[in-house]
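> Here you go, sequence then predicted model.
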Amino acid sequence: MDFSQNIEDVPEIVLDLQAIKADINRVLKETSQRGLHHTSKWLAEINHSIRLESEDGSNIADQTLDTGGSIVASGKDIDTYYLAKTYFDLKEYDRAAFFTQSLTFHQGRFLHFYCRYLSSEMKRLDDMTETSNTPDSVQLGKLRQLRVELEKLHRTQDLDAYNLYIYGVVLRKLSLSELAVPVLLESIQKEPMHWGAWQELSCLVSSRGNLLSLELPDHWIRHLFTASTYLELQVNEEALQIYFGLINAGLQNSTYIMAQVAVAFHNLRQVDQAVEYFKQLEKIDPYRLDNMDTYSNLLYVKEHRVELAHLAHKTNQIDKYRAETCCVIGNYYSLSAQHEKSAQYFQRALKLSPGYLSALTLLGHEYMEMKNTHAAIHSYRQAIEVNRRDYRAWYGLGQTYEILKMPYYCLYYYKQAQELRPSDSRMLVALGESYEKLDKIKDAMKCFWKAHCVGDIEGGIALMKLARMYEKSNETDQAAEAYLQYIKETESQGITERDDQGNAFKFLADYYLKREMLDDAYEFAMKCTQLADVHEEGKALIREISNRRGTGEGRTILAVMEDQPSFVSNRTRPVGRQSEDNLADMEPVNFNFNT
């Protein structure tokens, strides 16, 4: 239809543009506050299209941007900012970046750089779901260009706290950690209330010493930052002390702190306390999905199938398209031994949130269950690229290469895991087993002894392995001490049917028999007859003991196989030997341990 021919038919509409802009600006704030993003976008586009000019052709007035600052910008720039902000709220990052490229005041400049960064990051993550984990060179090129522009502004001191934050984030993404740390510290000094800057700085802290060396402002958020970083560094006891101090100071109703305390107890393997905190969190914030994947890990460890099923159902009803929900459901299927279904949900979590650390590690575990070592290695390595402080991924890689019978690889990965968890006996035992396979007996003995000293959470396994090392080294006296302590610890825990106990009983019976300590040898031989794997050896030892005594009581004893009370706690040690509680004679000679 040709409108030019009907121009006379067009009605004359008179608009008070100044009043329209005033109404739009008033309602735009209301809709933004209420989260009506599409309405805000429509209003902002209309507002941006209206140009009010004075008689001389200039803007009617400069206006102060209502963002809590004192920046004065022209009405046109303010309209552009509000327009771009509505695009940002709807995740149209490229569009927002285009409209803000000419803005020079701090808020507009921040929105421009932040949108460019988010656009690059979003495209990189989308590529990860379709191809490999290798960042696309195009996206890295965009980050490098961002760095060049921000660096120029930084040299002229034209970056405020929030723009410095973006500069620090870009440097960290480009793996320029040494440059990122001072920039983030500068951002925090200018605005200590910006928690995002603290979080980015925490990611760059590699050790406790590194943390203590930072020159941080004397601000209350510093306590939260220190505790959070301690948690990442697996310094869980110190983190708990800070969090409990904050709770006593009046932050007892903070769901963030409650969740952090639960995670700390989870890291310490104090499962019951962690579960209790998560239950409290559920009551206060029943629709919370943050950290629910960690809660599901705890229920998995406790084998609480019903509670885990309830949590999976609940999270699925809240939001089935959250990565946390997929991890909870994946854990439920894993506990039900449906590993293929479990892996599918962890993969779904990664499609929803590429680089989600918990999903990557758990997916590696599931691939291990399915004997898919290649896929497991890929998942664990992705997890390490996301967070090099994730000891579970390092430990998983060690286990995978152990299955592949590649001891040098497995030793490297177990070392990394042990450095991250120096007080975890599982890491030390795994490291010791790797040294043992490489015939580094002394190093293996160090690891097993240290695992016992820090507290063996696997029920005396470290002592058993240490005893075998002594046995292989023909250090029979120290082997006997280790076996005796192993038996004492397992019996105190109510463990009475472990195969390793049979080997310990057999060694000790033979050990005392060779020393003509027939009563002690007899007690251990009797214990052997109560376990199927060493039953025959026990009978043979009893016959030998009877022969040495010069009696026929062995035949009678073998016919009566009644249960015997625990002998370890009541037996009398031979004269001249040390007490059972004194383990000094069991410690390897010339070994120095930091216990």
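That came in fine, so what should we check first? Owing to the predicted nature of the structure, the values given are computational and were not obtained by experimental measurement.

> Residue nearest the middle of this protein, spatially speaking?
When the chain is reduced to its mean C-alpha position, the nearest residue by CA atoms, centre = their mean turns out to be D390, at 5.4 Å.

> Pop out the phi and psi values for that residue.
Backbone torsions of D390, given as degrees, to the nearest 10, read phi -80, psi 100.

> how far away is it from A383?
Distance check for D390 against A383: by CB to CB, to the nearest Å, it reads 5 Å. C-beta: built from backbone N, CA, C; applies to glycine.

> For the two, list the residues in contact with both.
By CB atoms under 8 Å, 6 or more residues apart in numbering, D390 and A383 have these common neighbours: L357, T361.

> before we move on, the earlier item: so the residue nearest to the centre of the chain sits against L362, correct?
No - taking contact to mean CB atoms under 8 Å, the distance of 11.4 Å between D390 and L362 leaves them out of contact.

> and I457, helix, strand or coil?
Classification of I457 into helix, strand or coil gives coil, according to DSSP: H, G, I helix; E, B strand; the rest coil.

> show me the contacts for it.
For I457, the residues meeting the contact criterion (CB under 8 Å, 6+ apart) are R269, D424, S425, R426.

> how close does Y295 get to C327?
When distance is defined by CB to CB, Y295 is 10 Å away from C327.

> Report the rounded mean pLDDT for stretch 254-264.
The average pLDDT for stretch 254-264 rounds to 95.

> Tell me, what's the model's pLDDT at the residue nearest to the centre of the chain?
Per-residue confidence at D390 stands at 90 (pLDDT).

> cool, and the one 4 residues further on?
On pLDDT, W394 comes in at 95.

> same deal with D62?
Here, the pLDDT recorded for D62 equals 46.

> do E276 as well
If you check E276, the pLDDT there is 94.

> likewise H48?
If you check H48, the pLDDT there is 88.

> Where does it fall, secondary structure wise?
When elements are assigned from DSSP states H and E, H48 belongs to helix 37-49.

> Repeat that for L28.
Per DSSP H and E, L28 falls inside helix 17-33.

> Show me the contact partners of that helix.
Applying CB under 8 Å, 6+ apart, the external contacts of helix 17-33 come out as 37, 39-40, 43-44, 46-47, 50, 52, 60, 66, 82, 85-86, 89.

> List the buried residues in it.
For helix 17-33, the neighbour count (16 or more other CB atoms under 10 Å) marks K21, I24, N25, L28, T31, S32 as buried.

> from these, which single one is nearest Y165?
Distances from the buried residues of helix 17-33 to Y165 were compared by CB to CB; the smallest belongs to S32, at 22.2 Å.

> And the pLDDT at that closest one?
Per-residue confidence at S32 stands at 87 (pLDDT).

> if we can go back for a sec, quick one: which of the buried residues of helix 17-33 is nearest to A467?
For the buried residues of helix 17-33, the closest approach to A467 (CB to CB) belongs to S32, at 69.3 Å.

> State the distance from the closest one to Y356.
Here the distance between S32 and Y356 works out to 30 Å (CB to CB).

> So what's the residue count around E238?
By other CB atoms under 10 Å, the residues close to E238 number 15.

> Secondary structure element holding it?
Taking DSSP H and E as the criterion, E238 maps to helix 236-246.

> Can you give me the buried ones in that helix?
Residues N236, A239, L240, I242, Y243, L246 are the ones in helix 236-246 that count as buried (16+ other CB under 10 Å).

> Tell me which residues touch the second one, please.
Spelled out, it's A239. The contact partners of A239, by CB under 8 Å, 6+ apart, come to A227, S228, Y230, L231, Q260, A264.

> now it: how far from I50?
From A239 over to I50 the distance is 54 Å, taken as CB to CB.

> quick revisit: in PyMOL, how would I select just the buried ones from the contacts of I457?
This is how PyMOL selects the buried members of the contacts of I457, with burial counted by 16+ other CB under 10 Å:
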select buried, resi 424+425+426
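
> Any chance of a markdown table for the contacts of I457, columns secondary structure?
Conversion of those to a markdown table gives the following (three-state DSSP):
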| residue | secondary structure |
| --- | --- |
| R269 | coil |
| D424 | coil |
| S425 | helix |
| R426 | helix |
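
> Point out where the protein drops to low pLDDT.
Counting by pLDDT under 70, the chain has low-confidence residues at 1-8, 53-73, 128-136, 495-499, 551-595.

> Show me where it has its strands.
Under the criterion DSSP state E, the chain contains strands at 62-64, 72-74.

> re earlier: nearest to Y93, of the buried residues of helix 17-33?
The shortest gap between Y93 and any of those belongs to S32, at 17.7 Å (CB to CB).

> What separation do you get for the closest one and N25?
11 Å.

> Name all residues that make contact with the closest residue to K527 other than its chain neighbours.
On the basis of CB to CB, 6 or more residues apart in numbering, the spatially nearest residue to K527 that is not a chain neighbour turns out to be F505, at 4.4 Å. For F505, the residues meeting the contact criterion (CB under 8 Å, 6+ apart) are I487, F524, A525, K527, C528, L531, V534, G538.

> roughly how far apart are the third one and E536?
Shown here: A525 relative to E536, a distance of 11 Å by CB to CB.

> higher neighbour count, those two?
In this view A525 and E536 are compared by other CB under 10 Å, and A525 has more residues nearby, 29 against 11.

> so who does E324 touch?
E324 is in contact with L289, D290, N291, M292, D293, T315, A349, counting by CB under 8 Å, 6+ apart.

> by contact count, what packs against the lengthiest helix in the chain?
Longest helix in the chain by number of residues, with DSSP state H as the criterion: helix 106-130. Under the contact criterion of 3 or more CB pairs under 8 Å, 6 or more residues apart in numbering; DSSP states H and E, helix 106-130 touches helix 75-89, helix 93-99, helix 137-155, helix 161-173.

> give me the number of residues near the closest residue to L360 other than its chain neighbours?
Nearest residue to L360, sequence neighbours excluded (CB to CB, 6+ apart): A383, at 3.9 Å. Neighbour count for A383, taken as other CB under 10 Å: 26.

> Would you confirm that A383 contacts L362?
No - at 9.4 Å, A383 does not count as touching L362 under the criterion of CB under 8 Å.

> joint contacts of those two?
Once CB under 8 Å, 6+ apart is applied, it turns out that A383 and L362 contact no residue in common.
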